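Undergrad: 3D model of this:
(one chain, ligands or ions: 1)
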Amino acid sequence: MAQKVLAEVKTGVTALRDRTGATPTLAVVLVGDFPASRIYIATKKKMAAEVGIASRDFLYPGGLSQPDLLALLRRLNADPAVHGILLQLPLPQECDEDEAIEAIAPLKDVDGFHPTNLGHLLAGTPTVIPCTPAGVMEILDHYGVELKGAEAVVVGRSRIVGKPLAQLLLARHATVTMCHTRTRDLAAHTRRAEVLCVAAGRPQVITGEMVREGAVVVDVGINRLESGKLVGDVEFDLVSKCARAITPVPGGVGPMTVAMLMKNTLQAARRHLGAV
Ligand code: GUN
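TA: Predicted structure coming up:
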């Protein structure tokens, strides 16, 4: 599925270049040294190259002060050759994440994390849709999962996944329950789910007995165990026995996230070049 999205983006990039002479360009900003972020960025670079999107890296593994970060983002906002800005999260503790996200021009915010873009999603007038939730919706649609009237449960309430995903499901007329770390009886909720989306960031918190027979399970988590093994937030072996369908980790939602980032970057470039 990710390859299909990438192929469409590649065609779009070529068409845009033929029409305008411009190459869609994504600026990637990384502050601090987080192993997971390094992996994300490497995948993003690889996929950008594959579809013909230019990627400009601004990497500060040793850190960057908040004023310098804001100055960099303002410079990228003002640069007409940059169409999209990706500020890799998390930022080091000494940085103010909210302030940095708000400093990105909403039209260049390819992650859709700026309050203006999240507000549009809430208002029902979506602009840029955050990549991971957008990828989850693509997967559900590709497999024809019925959402209208369905019991959908989202575990996790992050700005990156849980909150925007709940809005997207709601917009498709699902009955949405949001669960999080303070939810009293998590299993009571997850057992009711026809569509269960898990973005808790905790290895294998969803076990076999927490899932309803025939449920569709989307596992957004990716965690490295001490053994070095990569696992999701769902116990795959047991849950896959009762689920109708389940996304694997790795190789499920992850590649879709990066493919949707490419799609958002192409969209941002089209808008900047007046080619929408
Ligand atoms: N960190 C984890 N996921 C993401 C993402 O989708 N975008 C950004 N910018 N940072 C992340």
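Undergrad: Kindly report the residues of the stretch 151-276 of the chain close to the ligand.
TA: Ile160, Thr257 (CB under 6 Å from any ligand atom). Just so you know, the C-beta spots here come from the backbone N, C-alpha and C atoms, and that holds for glycine as well.
Undergrad: Now for whatever residue of the stretch 151-276 of the chain ends up closest to the ligand, how many residues are close by?
TA: Per CB to the nearest ligand atom, Ile160 is where the stretch 151-276 of the chain lies closest to the ligand, at 5.1 Å. Other residues within reach of Ile160, judged by other CB atoms under 10 Å, total 21.
Undergrad: and it, helix, strand or coil?
TA: Using DSSP: H, G, I helix; E, B strand; the rest coil, the structure places Ile160 in coil.
Undergrad: And the residue of the chain at minimum distance from the ligand, how close does it get to Gln204?
TA: Nearest residue of the chain to the ligand, counting by CB to the nearest ligand atom: Leu89, 3.7 Å away. Plainly put, Leu89 is 23 Å away from Gln204 if you go by CB to CB, to the nearest Å.
Undergrad: For the residue of the chain closest to the ligand, the count of nearby residues, please.
TA: Around Leu89 there are 18 residues (other CB under 10 Å).
Undergrad: what's the answer for Leu73, then?
TA: Neighbours of Leu73 (other CB under 10 Å): 23.
Undergrad: Just say helix, strand or coil for it.
TA: helix.
Undergrad: One more: Ala269?
TA: Ala269 ends up helix, using three-state DSSP.
Undergrad: if I look at it, how far off is Arg224?
TA: 34 Å.
Undergrad: Between the two, point out the one with more neighbours.
TA: For the pair Ala269 and Arg224, the greater number of neighbours falls to Ala269 (27 against 13), based on other CB under 10 Å.
Undergrad: Flag every buried residue along the helix or strand containing Ile85.
TA: Using DSSP states H and E, Ile85 sits in strand 84-87. Buried residues in strand 84-87, counted by 16 or more other CB atoms under 10 Å: Gly84, Ile85, Leu86, Leu87.
Undergrad: And stretch 86-97, by the same measure?
TA: Quick answer for stretch 86-97 (16+ other CB under 10 Å): Leu86, Leu87, Gln88, Leu89, Leu91, Cys95.
Undergrad: for stretch 110-130, same thing?
TA: 110-114, 117-118, 120-121, 126-130.
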